[in-house]
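Undergrad: Got a sequence here, can you build the structure:
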Amino acid sequence: MRDLVILGAGTSGTMMANHLIDKLPSNDWKIHVIDQNKTHYYQPGFLFLPFDIYTEEQVKKDGTKFIPEKVNYIQQRIEKIDSKNNLVQLEDTSLAYDILIIATGSIIDPRETEGMLSREWHKSIFDFYTFEGALALRNKLRNFKEGRLVVHFTEMPIKCPVAPLEFAFLADSFFEKKGIRDKVKITFVTPLSGAFTKEVCSKSLGYLLDEKKIHLVTDFAIEKVDYENNKIIDYIDQEVPYDLLVTVPTNMGDEVIERSGLGDELNFVPTHPNTLQSIENENIFVIGDATDLKASKAGSVAHFQSETLTDNILLYIQNKPLKKEYDGHANCFIETGKNKALLIDFNYDLEPVTGKFPFAKVGPLKLLKESIINHWGKLASRWIYWNLLLKGISLPFISRNMSMKGKNLINQNLEQ
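TA: Reported below is the predicted structural model:
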């Protein structure tokens with residue numbers, strides 16, 4: 001009996017367990033999933049939790065319910081990966097593997113910025129990338145009457161790159177609905193040269209910030225948070241004052257990657273961009289936020305990667321060449337407030353395109369255009385996540401690799 005071990009029972013790890021359980025010969029292979037946490041979070045829901053759009057119960061469930069019965073689920077802390085000896089060291093035992101899938105995700109680390117993790121953490125300085133942070137921020141916003149709201153992210157890469165901007169848009173709608181928008185100044189602070197992480201989006205959608213009267217501060221490389229005087233300061237002494245700071249700290253790979261010596265300076269694992277095989281170890285594969293790939297760290301990416309990775313695991317055990325097919329495909333909704341959203345579709349080589357999605361002629365979703373139906377599409381993603389994607393059920397009408405059917409390249413009269 002050979003052993004395939006999956007580290008992490010989040011989005012990527014759970015999907016891979018469900019994809020592989022009926023494809024690996026059960027007489028030859030045993031699948032193990034290891035995670036120290038029993039609760040599974042729908043992380044895109046953290047964006048909505050602070051605004052009372054989602055409840056606590058809608059964004060968390062017992063994760064063990066999504067792990068197939070035939071999988072050996074181990075709830076323990078992962079101490080170290082011993083890649084030389086093909087061992088995973090746990091709290092009180094070790095587990096040998098023939099194939100290892102690293103799906104340990106990413107974490108925020110406010111310790112990386114001076115003054116961010118201070119006595120004001122979750123008092124006047126908040127994150128919404130954790131359940132605890134989003135919940136604390138919800139309680140703060142319920143009583144926030146006026147002042148300067150600063151929405152900021154520290155550096156790339158971050159999980160769900162558009163989420164900070166979405167937060168600013170939703171805050172605009174939230175305060176308008178409460179009748180206090182004129183009493184709240186919203187400032188969006190980014191280390192990039194534009195509001196959006198993709199240049200095409202910045203050029204096409206910059207009007208949204210002006211329309212919503214959200215002040216934009218670009219090229220802000222934060223040095224520290226001066227929590228005593230309520231301001232953030234960058235390396236050229238530019239200052240942005242706040243009454244409420246909503247920030248995205250440095251995103252890093254899990255600390256077990258550092259302990260195991262398998263990651264880069266941010267603890268992300270060097271990964272082949274098209275096969276999802278580890279650069280250093282041929283029997284280790286990496287998926288989702290744990291990789292160092294230039295693809296977005298988003299749920300759609302993990303979904304598309306899982307399909308390619310499943311094929312490659314099966315090819316690997318047959319000693320056949322791996323598919324070099326994953327193209328960095330990602331698509332994501334961008335909430336713009338007032339029950340509208342955008343949808344973007346892109347990959348390693350292509351910036352977001354215009355057109356229709358997922359069907360070339362009928363859509364019904366439009367790319368790079370605000371619409372109510374896109375907003376409902378984003379809300380529907382939660383049901384799809386819990387009931388289809390986590391269970392390894394593919395969406396046949398959405399290709400793992402980016403299709404250009406019904407789409408147009410920006411600034412080019414090209415439709416394929």
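
Undergrad: all contacts plus neighbour counts: C-alpha atoms, from now on.
TA: Noted.

Undergrad: can you list the domain ranges for this structure.
TA: Split into domains by automatic domain parsing, the chain comes to 2-105+254-317, 108-251, 330-408.

Undergrad: need the contact list for residue 281.
TA: Contact analysis of residue 281 by Cα atoms under 8 Å, 6 or more residues apart in numbering lists residue 83.

Undergrad: for residue 76, that is, sorry about that
TA: 34-37, 90-91.

Undergrad: And for residue 246?
TA: With contact taken as Cα under 8 Å, 6+ apart, residue 246 is in contact with 125-128, 149-152.

Undergrad: Pull the distance from the helix or strand hosting it to the chain's centre.
TA: Assessed by DSSP states H and E, residue 246 sits inside strand 244-248. Average the C-alpha atoms of strand 244-248, do the same for its chain, and the two points are 18 Å apart (Cα atoms, centre = their mean, to the nearest Å).

Undergrad: Likewise for stretch 286-297?
TA: How far stretch 286-297 lies from its chain's middle: 9 Å, per Cα atoms, centre = their mean.

Undergrad: And for stretch 80-94?
TA: Counting by Cα atoms, centre = their mean, stretch 80-94 is centred 27 Å from the centre of its parent chain.

Undergrad: how long is it from one end to the other?
TA: 9 Å (Cα to Cα, to the nearest Å).

Undergrad: tell me the mean pLDDT over that stretch?
TA: Averaged across stretch 80-94, pLDDT comes to 96.

Undergrad: try stretch 353-365
TA: Averaging pLDDT along stretch 353-365 yields 90.

Undergrad: Please enumerate residues in contact with it?
TA: For stretch 353-365, the external contacting residues (Cα under 8 Å, 6+ apart) are 343-346, 366-368, 373-374, 377, 397-398, 405-410.

Undergrad: let's see 10 Å
TA: 200-201, 342-346, 366-369, 371-375, 377, 397-399, 403-411, 415-416 (Cα atoms under 10 Å, 6 or more residues apart in numbering).

Undergrad: what's the spacing between the nearest residue to residue 409 once chain neighbours are set aside and residue 369?
TA: Once flanking residues are discounted, residue 409 sits nearest to residue 353: 5.2 Å by Cα to Cα, 6 or more residues apart in numbering. Per Cα to Cα, residue 353 is found 10 Å from residue 369.

Undergrad: same question, residue 3
TA: 47 Å.

Undergrad: Equivalent analysis for residue 299, please.
TA: From residue 299 across to residue 369, the span is 21 Å (Cα to Cα).

Undergrad: Between the two, which is the more surrounded one?
TA: Higher neighbour count among residue 299 and residue 369: residue 299, with 23 against 17, using other Cα atoms under 10 Å.

Undergrad: What sits closest to that one if chain neighbours are left out?
TA: residue 11 (7.2 Å).

Undergrad: From the structure, what's the count of residues near the one you found?
TA: Using other Cα under 10 Å as the criterion, the residues surrounding residue 11 number 30.

Undergrad: State the phi and psi torsions of it.
TA: With angles defined as degrees, to the nearest 10, residue 11 sits at phi -60, psi -50.

Undergrad: Tell me who's in contact with residue 111.
TA: By Cα under 10 Å, 6+ apart, residue 111 lies in contact with 117-118, 249-250.

Undergrad: rerun at 8 Å
TA: Counting by Cα under 8 Å, 6+ apart, residue 111 has contacts residue 117.

Undergrad: for it, phi and psi?
TA: Main-chain dihedrals, residue 111, degrees, to the nearest 10: phi -70, psi -20.

Undergrad: same thing with residue 184?
TA: phi -120, psi 120.

Undergrad: Lovely, talk soon.
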